[in-house]
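Chemist: Generate a structure from the sequence data that follows.
(one chain, ligands or ions: 1)
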Amino acid sequence: MNTKPIIALDFPSEKEVFQFLSNFNEPIFVKIGMELYLQEGPSIVQKVKEQGHDIFLDLKLHDIPNTVRSAMKGLARLGVDLVNVHAAGGIDMMRGALEGLEAGTPAGKERAKLIAVTQLTSTTEEQMQNEQMISLSLLDSVLHYARITKEAGLDGVVCSVHEAGQIGEACGQEFLRVTPGIRLPGGEAHDQKRIATPNGAKASGSSLIVVGRAITGAADPAAAYKKVCDLWEEN
Ligand SMILES: O=C(O)c1cc(=O)[nH]c(=O)n1[C@@H]1O[C@H](COP(=O)(O)O)[C@@H](O)[C@H]1O
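Modeler: Okay, here's the model as predicted:
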């Protein structure tokens, strides 16, 4: 699949999205997340696709298996490239998501890749232990979620760069490690806790990186994107 850095279109409405996309004169890989999707609905996916961009639809589904299966069946018709659920929903839920996605993908079209969020990149080990009451190291918790995601038959996980290498060893190099929490060297972390640079991500075994504010908040987004791409392709 396309391995270009994925730009998170975390904007409140369609207007800002197309203003932002006008900075680019080639197809890129973008992420439509809950902020934008919940305001604009499925039509935003169609409109961004019409411009030729690849799409990661990041809705992080987490519900009972039957609900997630039905929701995924509907989402499959949108023709996106990558979708996700929360691994904490469990193996039955993840299998349901995959079944729904397979059932809803139109004949002759490729099924979207399905990945599961392990521990959010905004979570520290201390928060995980105190608030989720998981008495493992953060790495072991992420590795556990990666293993059950693989057992459910999904294509990979969302994790931080810090866990990507060990997931590759445990689950195989074809198992996708999609890593948000990416910052240019010296960039502000904002609410992210487990961060890394694009070149650090590549060196640590990320399959794909997700970059939002380091590009969308830059004075020159096209230049920031180029910098991210150059670092990502460096090693
Ligand atoms: O699934 C995601 O995309 C995701 C998972 C995760 O653990 N952490 C995370 O930051 N994300 C998303 O990745 C993007 C990161 O944005 P920035 O922090 O602005 O680069 C946001 O759109 C988040 O919703």
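Chemist: Residue of the chain closest to the ligand, please.
Modeler: Gly212 (2.5 Å; Cβ to the nearest ligand atom). (Each C-beta comes from the backbone N, C-alpha and C, glycine too.)
Chemist: Which residue is the nearest non-sequential neighbour of that residue?
Modeler: Ala8 (3.4 Å; Cβ to Cβ, 6 or more residues apart in numbering).
Chemist: Hmm, the one you found is touching Gly33, no?
Modeler: Yes - judged on Cβ atoms under 8 Å, Ala8 makes contact with Gly33 at a distance of 6.3 Å.
Chemist: the helices in the protein, which residues?
Modeler: In the chain, the helices defined using DSSP state H lie at 14-21, 34-40, 43-50, 65-76, 91-104, 125-131, 138-151, 161-171, 198-203, 213-216, 221-232.
Chemist: Could you export these as TSV, including mean neighbour count and mean pLDDT?
Modeler: Putting the helices of the chain into TSV (neighbours: other Cβ atoms under 10 Å; pLDDT from 0 to 100) gives the following:
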stretch	mean neighbour count	mean pLDDT
helix 14-21	15	98
helix 34-40	15	98
helix 43-50	15	98
helix 65-76	18	98
helix 91-104	20	98
helix 125-131	14	98
helix 138-151	20	98
helix 161-171	20	98
helix 198-203	21	98
helix 213-216	21	98
helix 221-232	17	98
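Chemist: Export the ones you listed as JSON lines, with columns for distance to Asn2.
Modeler: Shown next, in JSON lines, are the helices of the chain (distance: least, Cβ to Cβ, whole Å):
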{"stretch": "helix 14-21", "distance to Asn2": "16"}
{"stretch": "helix 34-40", "distance to Asn2": "20"}
{"stretch": "helix 43-50", "distance to Asn2": "13"}
{"stretch": "helix 65-76", "distance to Asn2": "19"}
{"stretch": "helix 91-104", "distance to Asn2": "19"}
{"stretch": "helix 125-131", "distance to Asn2": "32"}
{"stretch": "helix 138-151", "distance to Asn2": "21"}
{"stretch": "helix 161-171", "distance to Asn2": "18"}
{"stretch": "helix 198-203", "distance to Asn2": "15"}
{"stretch": "helix 213-216", "distance to Asn2": "17"}
{"stretch": "helix 221-232", "distance to Asn2": "12"}
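Chemist: Longest strand of this structure, counting residues only.
Modeler: strand 54-61 (DSSP state E).
Chemist: Who are the packing partners of that one?
Modeler: Applying 3 or more Cβ pairs under 8 Å, 6 or more residues apart in numbering; DSSP states H and E, one finds that strand 54-61 contacts strand 29-33, helix 34-40, helix 43-50, helix 65-76, strand 82-86.
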